[in-house]
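Asker: Prediction below, plus the sequence it came from.
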Amino acid sequence: MGVPPTRPADRAFARPRRRPIAAVAATVALLAVGAGVLVGLSTPAPRPADAPEGEFSAGRAFRNVEVIAAEPHVAGSAANDRVREHLVGTLRGLGLQTEVQDAVAPEAGQLSGAAGGATLARVRNVVARLPGTDPTGKVFLVSHYDSVQTGPGGNDDGAGTSAILEVARALSTGPRPRNDIVFVLTDAEEACLCGAAGFAADHPLARDGGVVLNLEARGSTGPVIMFETSRNNAKLVEIFGRAAPHPVGTSFAVEIYRALPNDTDFTAFLDRRFVGLNSAYIDGGAIYHTPLDVPARMDRGSLQMHGDNALGLAREFGRTDLGDLRAGHDDTYFPVLGGLVRYPGWLTVPLAVAALLAVGALGWLLRRRGRATAGTLAAGFGLTLVPVVVAPLGAWLLWTAITTIRPGYAELLDPYRPVAYRLAVVALSAAVLFCWYALLRRRVGPAALAFGGLAWLGVFGVLLAVAVPGGAYLTTLPALAGALAGFAALATRRDGPWPVVAVTLAAAVAVVILLPPVVLLFPALGMGMGAVAALVAVLLGLAVLPVVDLLHPRAGGQRGLLALRARRLGALPAAAAALAAVVLAGVGLAVDRFDAAHPVPTHLMYALDAGTGKAAWLTREEKPQPWTDGYVDGTVSIADDFPGLGTTELRGGPATAAPLPAPKLELLSDSRSGDQRVLRVRVVPQRQVRLLTLHVDTGTATVRSASVAGRDVPVEPGDGKWGFGVVFHAPPPEGVEFTLTLVPRGGAVSVRAMDASDGLSGVPGFRPRPEGVGVVGSHSSEMLAVARTYPL
Ligand SMILES: [Zn+2]
């Protein structure tokens, strides 16, 4: 590439002497905008318990958190019974029509890691109704009151459940709403979303559908994000922006959420006739599903935000005509300084094309005005890919290095204290961008590099508009703003103040649009995927390049020592950012050490074949921690012995057989007609268990149809020896009845029953964890499974 001839007027953005002033003014302006963005994403102050009765009070709600999350209360447990009684008593105390829906329900949607067969649960949903004065439909406030087996669920979903109780209180003290408000506190969400599925499918109040507001928490702090909507959401989003006091939500979140292995009750409603909004706070994910998810770890500001939004939305949907909520299109929407900006989704493609064309026109103008050549524009465009690729790669390498130093991070969604690490990734991205810019700005020129950045933002905008429409605004709008600023800069006097004002305004647009995703992607994806946030940070950097340029001495013009000094000064931002990245990574390692309050998470299970007396320790850890390593010594195949665990291979090691009984199999009836056999069996757990499973060896019989507790289940042949299976969560003590219609292959039919409880403390050979060693937040941590094969 050649060095373009520069005319004096083109060399500098502002007059040399005014350049430092312009740099400081633009930087201060952008920092102020950035601070405004952070304030817009912050949580409100929690209101005290004596707040006015029409308001939501985190202080009042928190009293319920303490009762709900006093101990782990997995579906089917005695602790869960106690929580349910508290919920029923509280809702009845408000004068609401309250009942418990006791049912057997199948799972909803696609569950990650819940393989092992068709899944059902016995659920007991708490359902209360506030009848409307002149209903046009129903508004459902939904959260789940069960917890995982490993922790008390202070946040997940003590937050949603206590918020709904407080909303119910506030609503029942004021004037009655026009529409029915139904409070649905579901059971067995953690196991299989079965409570919500059972309500949506079978409850009389769900028959005509309605609006669902689902409240969740996947962490302990941070802003509540409205991250999922039903399709054709324009009307819903409009109401959200208007009625939620803290409307943090983005159409991009839905796309991110789909990429995550999470599911909530909302899925069960979307499968049916419902519309609605799904909200959660997600920062502080280290404690998610662990014993540390206790009430004391809850950020009551997040609880206040959840409740403020839920109450505001319940009131608004309570008075809206619910007949016409399905607008014909989806909206694009995103948070802007405490508000919500939205526009119809059908504008996405035209806007993206317009932005790209505008950037193209800017390139053409830059060339015509002699500010760049075709060669430098092409170079600017091509070389912009370097930071776009290198910064995410650097973030990935940085985290790989940190997890090598501290392997315990492998089992954590996010570190306990991730802020320094997040800032290190941002600093690293800045270092890459500044370094790249310092190396190229003299060769390629500021105008061509700024063009390159805008061009890629424009290209990404078009690609996103096609593939991920809800996220296209992220690059389309900064590209458009940048191109318009470029036109304005070219149309005004080069050495006047207006070019600086124009590019600063465009940079402010980019900060407003791209800073929230940088901030929110870290907790959403965890440090393991910090590269995604690094990518967005670099895109933000590209959009503010003209302001970055002001931090450098003016390009061209100097000779000799002056040029050398200018080049040294130009390297300053890059060096400062690189140093910051290293220091912050070190601070992260120093601050976020594992200790008793922040233990290194470990995963252990125990599985026993009561028929053969063979037992094993099992872990899902890919590279077992030192504590876990004391139990396991290699990969073991469990497909044949424990099909109910839903996986074929785990790390494992031999264990002593515990004197524990397998679930009993009672043959209730056995009838034959033609080549078919109909077996009615009851599987009865002999201990207090959380789940039981039944599998049929499809080498001994083909399963034609099956029903469980009176419900038909799908018969899809699976892989391996145990080709048919059922997982039943929260089985009643009297057991679960299965009816199997089979075609035997001659000889006995082989059936395997397994059940599982939680807690390993009584198991022979188990040594309690030392201080600083904790439990991984998962649905199988501390599981104790007992299986046995029965020939029939
Ligand atoms: Zn959960």
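Answerer: In hand now; what should we look at?

Asker: going forward, measure contacts and count neighbours with C-alpha atoms only.
Answerer: Will do.

Asker: So Ala658: helix, strand or coil?
Answerer: Assigned state for Ala658: coil (three-state reduction, DSSP: H, G, I helix; E, B strand; the rest coil).

Asker: Numbering from 37 from now on, please.
Answerer: Noted, 37 is the first residue going forward, which turns the last one into Ala694.

Asker: so how far is Pro804 from it?
Answerer: 17 Å (C-alpha to C-alpha, to the nearest Å).

Asker: Compare the two and say which is more crowded by neighbours.
Answerer: With neighbours defined as other C-alpha atoms under 10 Å, Ala694 and Pro804 compare such that Ala694 has more, 19 against 9.

Asker: wait, that one sits on Val799?
Answerer: Yes: between Ala694 and Val799 a contact is recorded at 6.2 Å, counting by C-alpha atoms under 8 Å.

Asker: Now for the two: what residues contact both?
Answerer: Counting by C-alpha atoms under 8 Å, 6 or more residues apart in numbering, no residue touches both Ala694 and Val799.

Asker: So which residues of the stretch 237-386 of the chain form strands?
Answerer: 246-253, 257-265, 310-319, 367-372, 375-380 (DSSP state E, counting those that start in this stretch).

Asker: what helices or strands is the strand or helix carrying Val389 leaning on?
Answerer: Using DSSP states H and E, Val389 sits within helix 384-404. Counting contacts by 3 or more C-alpha pairs under 8 Å, 6 or more residues apart in numbering; DSSP states H and E, helix 384-404 is packed against helix 482-503, helix 509-527.

Asker: I'd like those helices laid out as CSV, including distance to Leu686.
Answerer: Shown next, in CSV, are the helices and strands packed on helix 384-404 (distance: least, C-alpha to C-alpha, whole Å):
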stretch, distance to Leu686
helix 482-503, 36
helix 509-527, 41
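
Asker: Just put the ones you listed in JSON lines and tack on mean neighbour count.
Answerer: Converted to JSON lines, these look like this (neighbours: other C-alpha atoms under 10 Å):
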{"stretch": "helix 482-503", "mean neighbour count": "25"}
{"stretch": "helix 509-527", "mean neighbour count": "24"}
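
Asker: To Arg740, which of these lies closest?
Answerer: Arg740 sits nearest to helix 482-503 of all those, at 41.3 Å, using C-alpha to C-alpha.

Asker: where does the residue most central in space within the chain fall, phi/psi-wise?
Answerer: In the chain, the centroid-proximal residue (C-alpha atoms, centre = their mean) is Ala560; its distance is 4.7 Å. Main-chain torsions, Ala560, degrees, to the nearest 10: phi -70, psi -40.

Asker: Not counting its neighbours along the chain, what's nearest it?
Answerer: Ile318 (6.5 Å; C-alpha to C-alpha, 6 or more residues apart in numbering).

Asker: State the number of residues packed around that neighbour.
Answerer: 24.

Asker: My understanding was that it contacts Phe263; is that so?
Answerer: No: look at Ile318 against Phe263 with C-alpha under 8 Å: they stay out of range, at 10.5 Å.

Asker: Help me confirm that Ala115 is found in a helix?
Answerer: Yes: when classified by three-state DSSP, Ala115 is found to be part of a helix.

Asker: still on that earlier bit, do you know which of the helices and strands packed on helix 384-404 lies nearest Gly810?
Answerer: Of the helices and strands packed on helix 384-404, nearest to Gly810 by C-alpha to C-alpha is helix 509-527, at 39.1 Å.

Asker: where's that closest one relative to the chain centroid, distance-wise?
Answerer: Distance of helix 509-527 from its chain centroid, counting by C-alpha atoms, centre = their mean, to the nearest Å, is 32 Å.

Asker: and that helix with helix 384-404, angle?
Answerer: Counting by axes from the mean of the first three to the mean of the last three C-alpha atoms, to 10 degrees, helix 509-527 points 30 degrees away from the direction of helix 384-404.

Asker: which other helices and strands contact helix 509-527?
Answerer: Helix 509-527 packs on helix 384-404, helix 482-503, helix 534-561, helix 566-579, going by 3+ C-alpha pairs under 8 Å, 6+ apart.

Asker: Deepest-packed of those, please.
Answerer: helix 566-579 (a mean of 27; mean count of other C-alpha atoms under 10 Å).

Asker: Do me a favour and average the pLDDT over it.
Answerer: Averaged over helix 566-579, pLDDT sits at 98.

Asker: And the contacts of that helix?
Answerer: 423-425, 427-432, 435, 458, 461-462, 465-466, 469, 486, 489-490, 493, 511, 514-515, 518, 542-543, 546-547, 550-551, 553-555, 557-558.

Asker: For it, what is the distance to the chain centroid?
Answerer: Using C-alpha atoms, centre = their mean, the offset of helix 566-579 from its chain centre is 19 Å.

Asker: and if you look at stretch 706-723?
Answerer: 43 Å.

Asker: would you turn the helices and strands packed on helix 384-404 into JSON lines with mean pLDDT?
Answerer: Listed next are these as JSON lines, based on pLDDT from 0 to 100:
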{"stretch": "helix 482-503", "mean pLDDT": "97"}
{"stretch": "helix 509-527", "mean pLDDT": "97"}
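
Asker: Could you check these and tell me which one is nearest Thr286?
Answerer: helix 509-527 (10.0 Å).

Asker: Isn't Gln724 up against Asp794?
Answerer: No: under the criterion of C-alpha under 8 Å, Gln724 makes no contact with Asp794, lying 9.2 Å away.

Asker: between the two, which one's more packed in?
Answerer: Neighbour comparison, Gln724 and Asp794: the larger count goes to Asp794, with 20 against 17 (by other C-alpha under 10 Å).

Asker: any idea how far that one is from Gly359?
Answerer: Distance from Asp794 to Gly359, by C-alpha to C-alpha: 46 Å.

Asker: end-to-end on stretch 396-416?
Answerer: OK, stretch 396-416 end separation, C-alpha to C-alpha: 13 Å.

Asker: ugh, wrong one, stretch 659-678
Answerer: First-to-last residue span, stretch 659-678, C-alpha to C-alpha: 22 Å.

Asker: for the protein, what's the longest strand?
Answerer: For the chain, the strand with the greatest residue count under DSSP state E is strand 154-166.

Asker: residues of that one that come out buried?
Answerer: Neighbour counts over strand 154-166 (16 or more other C-alpha atoms under 10 Å) mark 154-166 as buried.

Asker: which residues in the stretch 537-686 of the chain form helices?
Answerer: 566-579, 581-586, 596-627, 662-665 (DSSP state H, counting those that start in this stretch).

Asker: Just send the ones you listed back as a markdown table, with distance to Leu373 too.
Answerer: Converted to a markdown table, the helices of the stretch 537-686 of the chain look like this (distance: least, C-alpha to C-alpha, whole Å):
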| stretch | distance to Leu373 |
| --- | --- |
| helix 566-579 | 17 |
| helix 581-586 | 21 |
| helix 596-627 | 27 |
| helix 662-665 | 47 |
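
Asker: Would you tell me which of the ones you listed gets closest to Val822?
Answerer: helix 662-665 (20.6 Å).

Asker: so where's the stretch 687-828 of the chain shaky on pLDDT?
Answerer: Of all residues in the stretch 687-828 of the chain, none has pLDDT under 70.
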